[in-house]
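> Next input, structure requested:
(chains A, B, C and D)
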Number of protein chains: 2
Amino acid sequence: MRSREFLGHHELMVMLAVLRLGRDAYGVPIAAEIAQRTGREMLQGSVYAILERLESKGLVTSRLGEATPQRGGRAKRYFALTAEGSRQVRETQRALEALWHGLTKTAGAKP
Amino acid sequence: MRSREFLGHHELMVMLAVLRLGRDAYGVPIAAEIAQRTGREMLQGSVYAILERLESKGLVTSRLGEATPQRGGRAKRYFALTAEGSRQVRETQRALEALWHGLTKTAGAKP
DNA sequence: CATTTAATCAATGATAATGAAGAAAATAGG
DNA sequence: CCTATTTTCTTCATTATCATTGATTAAATG
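I've put the predicted structure just below:
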C-alpha cells in the first residue's frame, strides 16, 4: 500500500465542511460552506469526486435521503465522517499545528 | 492558467519548515523538521521535488552556499520564501482556520 | 578509496480541476 | 391530467498537477 501519510488539502477541507454541516452535509451545501468560509470557490464536480474518494477509503459514509416537497427537491446524498475519518482529520490538524505553532506572527516577516 | 486555488498540503508543510528554519533552511533539515514535528517521515526526494516546484512557481528562492569544513560538507542549497510565498502561506492558513474554527473540540464527537 | 552529507533523477501513482451532461423531483400551462 | 420546463442535485470524462519511491550522482573529508 502506497500510504499517503496525510490527507490531501481538499480532502481535509471537505471533511471539515462535513463536520460543520452535521446532518445537512450533502454535496451542494458542502461546496457552499467551503466557498463561503474560505472565500474561494470549489467546484461541485471536485467536491463529489473527493467525497467518492473519501468514501472508497472508508473515511466517510453516505446515505440516500428522501425527496423533499419543493421544486427540484430530489433526493440528497448525505455524508458523515467515519471514526477513522475523524481520526485522520484530528491527526492532520495536529501535524499542521505542530509545524505552525509559534509561527503565526512571523509568517510574513522576512528580513 | 489553471491556478490551483490553494497550496498543496506538502507544499504548505515544506514552506512552514523553511520559515521555522530561517537561514538554516536546506533540504536535509527541512525533511528532519517535518519528521520531528509531525511524527511522520517525508522522504528527501519528496522534499526536493516540492522545493523545485515551489521555486518554479516563484514561492521560494534558493541560493547556493559554500562548502563547510567537515566530512561530507558539500555546498548546501538554502531556501527562503518570497513575498508571494509568504502571502500564500498566510492565505492557506487563514482558509483552513476558517473551516476549522470552533470545531476543534467536536472533531471526534459523532453521535 | 572509503565514507559522509547533500542533492538530483526517473518513473509511477494518487489527487485535483474543469466543463458538461445526466437524473429526479416539482410546478406550470394547456 | 399530462407533458414541458425549471430547479436541484449528482455523475462522468478528460486533463493537469502533486506526491512517492528508490536509486543515483556529486562533492567534500579521512
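> Please count neighbours and contacts with C-alpha atoms only from this point.
OK.
> where are the low-confidence patches of chain A?
A:1-4, A:104-111 (pLDDT under 70).
> And the strands in it?
A:60-64, A:77-81 (DSSP state E).
> highest average neighbour count across those strands?
When neighbours are counted by mean count of other C-alpha atoms under 10 Å in any protein chain shown, the highest per-stretch mean among the strands of chain A falls to strand A:77-81, a mean of 21.
> any residue of that strand up close to DNA strand D?
Yes - if you take C-alpha under 7 Å from any atom of the strand as the test, strand A:77-81 does meet DNA strand D, through A:77, A:78.
> residues near residue A:99, how many?
When counting by other C-alpha atoms under 10 Å in any protein chain shown, one arrives at 22 neighbours for residue A:99.
> List the residues that contact it.
The contact partners of residue A:99, taken as C-alpha atoms under 8 Å, 6 or more residues apart in numbering or on different chains, are B:13, B:16, B:17, B:34, B:37, B:38.
> and stretch A:83-91, anywhere near DNA strand D?
No - Stretch A:83-91 does not reach DNA strand D (C-alpha under 7 Å from any atom of the strand); its nearest approach is 14.1 Å.
> does any part of that stretch sit near chain B?
Yes - using C-alpha under 8 Å from any C-alpha of the partner chain, stretch A:83-91 reaches chain B at A:83, A:86, A:87, A:89, A:90.
> Return the distance of that stretch from the chain's centre.
11 Å (C-alpha atoms, centre = their mean, to the nearest Å).
> Report the buried residues of that stretch.
A:85, A:86, A:88, A:89, A:90 (16 or more other C-alpha atoms under 10 Å in any protein chain shown).
> And the helices in chain A?
A:9-21, A:27-38, A:44-56, A:83-100 (DSSP state H).
> Dump those helices into JSON lines; add distance to residue B:76 as well.
As requested, these are arranged in JSON lines below (distance: least, C-alpha to C-alpha, whole Å):
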{"stretch": "helix A:9-21", "distance to residue B:76": "30"}
{"stretch": "helix A:27-38", "distance to residue B:76": "37"}
{"stretch": "helix A:44-56", "distance to residue B:76": "39"}
{"stretch": "helix A:83-100", "distance to residue B:76": "23"}
